[in-house]
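[1] Provide a 3D model corresponding to the input given below.
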Amino acid sequence: MVLSQLGGSGKTHRLANNLTIDYHDFDELETLWTNQVVSDKEVMQIIAASAETMELHAQTPFVMDAVSTSSTAMDTVSASQTARDAIGTDGVGYDAVAAVAMAIGKYAAGIAGLDPTAYANIDAVASDANAMDAVSTSSTAMDTVSASQTARDAIGTDGVGYDAVAAVAMAIGKYAAGIAGLDPTAYADIDAVASDANAMDAVSTSSTAMDAVSTSSTAMDTVSASQTARDAIGTDGVGYDAVAAVAMAIGKYAAGIAGLDPTAYANIDAVASDANAMDAVSTSSTAMDAVSTSSTAMDAVSASSLAVQSVTGSALALWRFLSSAEVNTSFWSNATGTEAFWDHNGDLADPHWQLDADSRHGGKALFLDCDQFPSGGDYIPWTVDLGSASSLTVYEKTLSPRAINFEIIVNGTLEYSASNNNLSYTGRTVDVSSYGDGATLKVGLASSDSSGRETLVSDIQLS
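    Residues are numbered from 1 along each chain as shown. The predicted model follows:
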């Protein structure tokens, strides 16, 4: 068949087997493709079915520019396995398709076994749950959309499209890889990404890739269980910040660091409410680094009496907790957590130790009822790692002038003792740089005060 009516005489251009057009020069040939060939459905069907010529067309920029901007042409090539094989997921042809919302939408739909004519563009695909279910379970379709910035912009990191991707290990692995600038075809799934140090370095330094990973429980289950992935994410920087901000992500991440199965914990609240989990987390230096630098994690732990008991039972965890930048807004502001902190040894059973709402940050303050104290004084003790600490500050005040001394004792050494009559909270700071890990810290009064004067302790800070 010669479609000479499409062009002038002089030169012949082969469109497909037994299908040619005549043209005068290159400009006319480009115009014919743009204005006539791609808009003729019958002609495009013949072209799409011809493997030999499709291979050539897929590597010709002006042809693929014309095809990728024509819905008629894209409907045809997207529905043709022969045409899709020629275009693939990289190279000239794919690059042209990937850059156009209409084209990449129809192309992904066709690869996923859907009818390309039913989807105007990638936004239509990304907003259709059934379509995205098909795309997210097709490795070739995911290679296609993951390598396309246009497609990734449509899918994003939330909504119908992303939800479908996030739930499938293959899909989220390729998607995260694509966002991070990697070749999605090189990674079978999120396990392949998580076990590859170079891939995780790329993913963990991309805020968008980490947004995708940190909001996918499928991805976080895998990443949290992988030492390679955790090494890349660490406990600071872009990757960690994304994880730290999501309750699901930081919960699974802390669990994984502590040697637990991330799949067993839906979020940080599940970790904080599980005694065994918190015991594991509180005795892991890296896990506590992760928890203590995440406001989301600190909020969850601070709201759980059980979690706080685990923290106060671990010298390492207590150091991380009391030195956390989040301790005031998360912990000392929480009534549940602060009550558990003051009562970690069951001291509140004694009448001279009580709780009061008058604290610096909104949690419970420790009320020292002076006239009920034993004559030899009394102290609440904690064991805490001080090897990396330089100073300790206890905020206290008197409700009326006090004759007896408020004291801070470390490893049996009296570091602070005074009967100051401060009616507002004042920090009593002591140098603890000479102490090591596993130190015993005590706060309390040296004796009783029959005048009935009281003292309040609001919070304890380490730095």
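
[2] contacts and neighbour counts: CA atoms only from here.
    Will do.

[3] wait, what's in contact with the closest residue to Pro401 other than its chain neighbours?
    Using C-alpha to C-alpha, 6 or more residues apart in numbering and skipping the chain neighbours, the partner closest in space to Pro401 is Asn421 (4.8 Å). Contact analysis of Asn421 by C-alpha atoms under 8 Å, 6 or more residues apart in numbering lists Lys397, Thr398, Ser400, Pro401, Arg402.

[4] isn't the third one up against Ser419?
    Read it as Ser400. No. If you go by C-alpha atoms under 8 Å, Ser400 and Ser419 don't touch, sitting 11.1 Å apart.

[5] got any residues that touch both of these two?
    Here Ser400 and Ser419 have no joint contacts, going by C-alpha under 8 Å, 6+ apart.

[6] phi first, then psi, for Phe373.
    phi -70, psi 150 (degrees, to the nearest 10).

[7] please begin residue numbering at 46 from this point
    Let's use 46 as the start, then, which means that last one is Phe418.

[8] now do it: how many residues are near it, please.
    22 (other C-alpha atoms under 10 Å).

[9] likewise for Thr273?
    By other C-alpha under 10 Å, the residues close to Thr273 number 18.

[10] so it makes contact with Ser240?
    Yes. Between Thr273 and Ser240 a contact is recorded at 5.8 Å, counting by C-alpha under 8 Å.

[11] show me the shaky parts of the stretch 246-395 of the chain.
    Within the stretch 246-395 of the chain, the set of residues satisfying pLDDT under 70 is empty.

[12] enumerate every residue touching Leu400.
    Leu400 is in contact with Glu384, Lys409, Ala410, Leu411, Phe412, counting by C-alpha under 8 Å, 6+ apart.

[13] buried set for stretch 183-203?
    Residues 183-197, 199-202 are the ones in stretch 183-203 that count as buried (16 or more other C-alpha atoms under 10 Å).

[14] would you list the contacts of Asn466 in TSV and tack on neighbour count, secondary structure and pLDDT?
    Shown next, in TSV, are the contacts of Asn466 (neighbours: other C-alpha atoms under 10 Å; DSSP: H, G, I helix; E, B strand; the rest coil; pLDDT from 0 to 100):
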residue	neighbour count	secondary structure	pLDDT
Lys442	21	strand	92
Thr443	22	strand	88
Ser445	14	coil	73
Pro446	16	coil	70
Arg447	21	coil	68
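
[15] make TSV out of the residues you listed and add distance to Leu490.
    Shown next, in TSV, are these (distance: C-alpha to C-alpha, whole Å):
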residue	distance to Leu490
Lys442	13
Thr443	12
Ser445	15
Pro446	14
Arg447	11
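
[16] and for Ile425, the neighbour number?
    For Ile425, the neighbour count with other C-alpha under 10 Å is 17.

[17] which element is it on?
    Applying DSSP states H and E as the criterion places Ile425 in strand 423-429.

[18] tell me where the stretch 346-495 of the chain has strands.
    398-401, 410-414, 423-429, 436-443, 451-455, 458-463, 471-476, 484-490 (DSSP state E, counting those that start in this stretch).

[19] winner for burial among those?
    strand 410-414 (a mean of 24; mean count of other C-alpha atoms under 10 Å).

[20] contacts made by that strand with the rest, please.
    By C-alpha under 8 Å, 6+ apart, strand 410-414 touches 383, 387, 396-404, 489, 497-504.

[21] same check on stretch 419-437?
    357-364, 387, 390, 392, 474-493, 505-508.

[22] got a ChimeraX select line for the buried ones in these?
    Filtering the contacts of stretch 419-437 down to the buried ones (16+ other C-alpha under 10 Å) takes a single ChimeraX command:
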select :357,358,359,360,361,362,363,364,387,474,475,477,480,483,484,485,486,487,488,489,490,491,492,493,505,506,507,508
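
[23] point out the ones among the contacts of stretch 419-437 that are inside helices.
    Thr357, Ala360, Leu361, Ala362, Leu363, Trp364, Trp387 (DSSP state H).

[24] including distance to Ala128, could these go into a markdown table?
    Shown next, in a markdown table, are those (distance: C-alpha to C-alpha, whole Å):
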| residue | distance to Ala128 |
| --- | --- |
| Thr357 | 65 |
| Ala360 | 65 |
| Leu361 | 61 |
| Ala362 | 60 |
| Leu363 | 63 |
| Trp364 | 63 |
| Trp387 | 71 |
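
[25] report the two of those separated the most.
    Greatest spacing in those, by C-alpha to C-alpha: Leu361 and Trp387 (17.9 Å).

[26] that older thread, now, which of the ones in helices among the contacts of stretch 419-437 sits nearest Asp67?
    Ala362 (79.3 Å).

[27] contact partners for the closest one?
    Contact analysis of Ala362 by C-alpha under 8 Å, 6+ apart lists Ser327, Thr328, Ser329, Ser330, Met333, Val356, Val429.

[28] try 6 Å
    Ser327, Val356 (C-alpha atoms under 6 Å, 6 or more residues apart in numbering).

[29] please tell me how far it sits from Ser183.
    Using C-alpha to C-alpha, to the nearest Å, Ala362 is found at 45 Å from Ser183.

[30] same deal with Gly282?
    33 Å.

[31] still on that earlier bit, what pairs with the strand holding Ile425, parallel or antiparallel?
    In the sheet, strand 423-429 lines up against strand 484-490 (antiparallel) (DSSP bridges).

[32] the partner strand vs strand 458-463, what angle?
    30 degrees (axes from the mean of the first three to the mean of the last three C-alpha atoms, to 10 degrees).

[33] can you list contacts of strand 484-490?
    422-430, 450-456.

[34] and for stretch 346-356?
    Stretch 346-356 has contacts (C-alpha under 6 Å, 6+ apart) with Ala317, Met323, Asp324, Ser327, Ala362, Leu363, Phe376, Thr381, Gly382, Ala385.
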